[in-house]
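Chemist: Prediction below, plus the sequence it came from.
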Amino acid sequence: MAKWGEGDPRWIVEERPDATNVNNWHWTEKNASAWSKEKLLNLLMFLKIENEKGTCEICELSSIEGEATANNRKAKLIFFYEWVLKLEWKGKLKDCETELKGQIEIPNLSDENEPSDIDIIITTKKNTEESRTLKSIMLENGIELIRNQLAQYISALKAEFSVGMILPTDKKEVTPQKNFTTQPKTTMDPSIETSSPNGLQKQSPNPGVKIHTTKLTCTEKFLCAVEDIYKVLTDKNRVEAFTRSSVQMEATKGGKFSLFGGNVTGVFLELEMDKKIVQKWRFSNWPEAHYSIVTMNLSQGSDGAVVDLVQTGVPDKEVERTKQGWKENFWGRIRQTFGFGINLF
């Protein structure tokens, strides 16, 4: 133990780079909980599991409890994390329009378990033949894919929080610690297919290729004042509330926005308070530099606010998923989060 007043070099202040942790002797700690929640959300949300029988998708992270920290003691990095996750999934069989739902529980994502030892508990909300078939898809194809995503979280945690934790011990340049390898993350973009075994998204089409596009239109009614829906679509805190993720947004003409961990990005082209919003808008897997144009006209009806949306320039192959994205991840979540009523149209 370092002895006070007896010249122990661990207490000597002269010529040390950091006055609070001489030679990395003392315990230092970083809280990684908030970062971890965001990372797990990005890795798991909209993850697709499919085979020749049907397709399933994780659609909601309903509960995440636990904590994560990164620690440095005597120049040794130690990572503690312990999480219990509950997720919702949905799926359809091939040539069947009926959508069925289920739950996923991950009770032991912790530093004590290797990714291959993490329990993935799959259940269905109905006990039907179709539900059992979809559950088999999740069991056969989904468990490994989910474990791969959790392994990416562990790798990314160590890479992110190893930086700057070990400090130089004197004025000489110290070779920085080699970072842990980070695997590519799975996008949150609901329009991306992730059917490959390792859960990585398909590569975007090469830029410069002619793109065939389609125009989407929809009309949505909300049981609120028009100024309320305008704020929900342009206020950063409100957007974070219904997207359930961190958001970058500058709601001014020329201001940029980034949603769902960077999987939806764009620029505000026009803003007319309580009346109109025009955006350049794209998914991250679209061909490079290709944007659609989203125009939302807002009006006050006799019993609520009306949003008329027109989106031009949507790649043909992305139409259905883009349409579903607006329906489920924007309008549905806005109603659920703010209590703006049901879709009457």
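Modeler: Done, it's in. Numbering: from 1, shown residues only.

Chemist: what helix or strand does the residue nearest the centre of the chain sit in?
Modeler: Nearest to the centroid of the C-alpha atoms of the chain, with distances taken as C-alpha atoms, centre = their mean, sits N42, at 2.3 Å. With elements taken from DSSP states H and E, the one containing N42 is helix 33-44.

Chemist: what packs against that helix?
Modeler: Of the remaining helices and strands, those touching helix 33-44 by 3 or more C-beta pairs under 8 Å, 6 or more residues apart in numbering; DSSP states H and E are strand 54-73, strand 76-93, helix 143-162. Placement of C-beta: from N, CA and C, glycine included.

Chemist: Contact partners for I293?
Modeler: Neighbour list for I293: L269, V278, Q279, K280, W281, Q311, T312, G313 [criterion: C-beta atoms under 8 Å, 6 or more residues apart in numbering].

Chemist: Surely the second one is in contact with Y291?
Modeler: No. Judged on C-beta atoms under 8 Å, V278 makes no contact with Y291 at a distance of 11.8 Å.

Chemist: follow-up on the earlier one: quick check: buried residues in the helix holding N42?
Modeler: Going by neighbour count (16 or more other C-beta atoms under 10 Å), the buried part of helix 33-44 is W35, S36, K37, K39, L40, L41, N42, L43, L44.

Chemist: can you tell me the average pLDDT over stretch 239-248?
Modeler: Mean pLDDT, stretch 239-248: 87.

Chemist: One more: stretch 49-60?
Modeler: Stretch 49-60 comes out with an average pLDDT of 91.

Chemist: same deal with stretch 257-276?
Modeler: Across stretch 257-276, pLDDT averages out at 92.

Chemist: cool, stretch 215-227 as well?
Modeler: Here the mean pLDDT over stretch 215-227 is 93, rounded to a whole number.

Chemist: okay, it in CSV with CA atoms only?
Modeler: Once side chains and other backbone atoms are set aside, the C-alpha atoms of stretch 215-227 remain, and they are given as CSV (Å, rounded to 0.1, in the frame of the first residue of the first chain):
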residue,chain,number,x,y,z
LYS,A,215,-44.7,8.1,-55.4
LEU,A,216,-46.3,7.2,-52.1
THR,A,217,-49.3,9.1,-50.6
CYS,A,218,-51.2,8.7,-47.4
THR,A,219,-53.6,10.7,-45.2
GLU,A,220,-53.5,10.4,-41.5
LYS,A,221,-55.9,11.9,-38.9
PHE,A,222,-55.0,12.6,-35.3
LEU,A,223,-57.2,13.6,-32.4
CYS,A,224,-55.3,16.7,-31.5
ALA,A,225,-54.7,20.3,-32.6
VAL,A,226,-52.7,20.8,-35.7
GLU,A,227,-50.0,22.7,-33.7
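
Chemist: What is the neighbour count of the closest residue to the residue nearest to the centre of the chain other than its chain neighbours?
Modeler: Using C-beta to C-beta, 6 or more residues apart in numbering and skipping the chain neighbours, the partner closest in space to N42 is G261 (4.1 Å). When neighbours are counted by other C-beta atoms under 10 Å, G261 registers 22.

Chemist: just E82 next, same as before
Modeler: 15.

Chemist: burial of the closest residue to it other than its chain neighbours, as a residue count?
Modeler: Closest residue in space to E82, ignoring its immediate chain neighbours: S110 at 4.2 Å, by C-beta to C-beta, 6+ apart. For S110, the count of nearby residues is 16 (other C-beta under 10 Å).

Chemist: Tell me the spacing between S110 and N71.
Modeler: Separation of S110 from N71 (C-beta to C-beta, to the nearest Å) stands at 15 Å.

Chemist: Now do the helix holding N42: distance to the chain's middle.
Modeler: Distance of helix 33-44 from the chain centroid (C-alpha atoms, centre = their mean, to the nearest Å) equals 7 Å.

Chemist: next helix or strand past it?
Modeler: Scanning the chain past helix 33-44 towards its C-terminal end, the next helix or strand to appear is strand 48-50 (assignment: DSSP H and E).

Chemist: Cheers, nothing more for now.
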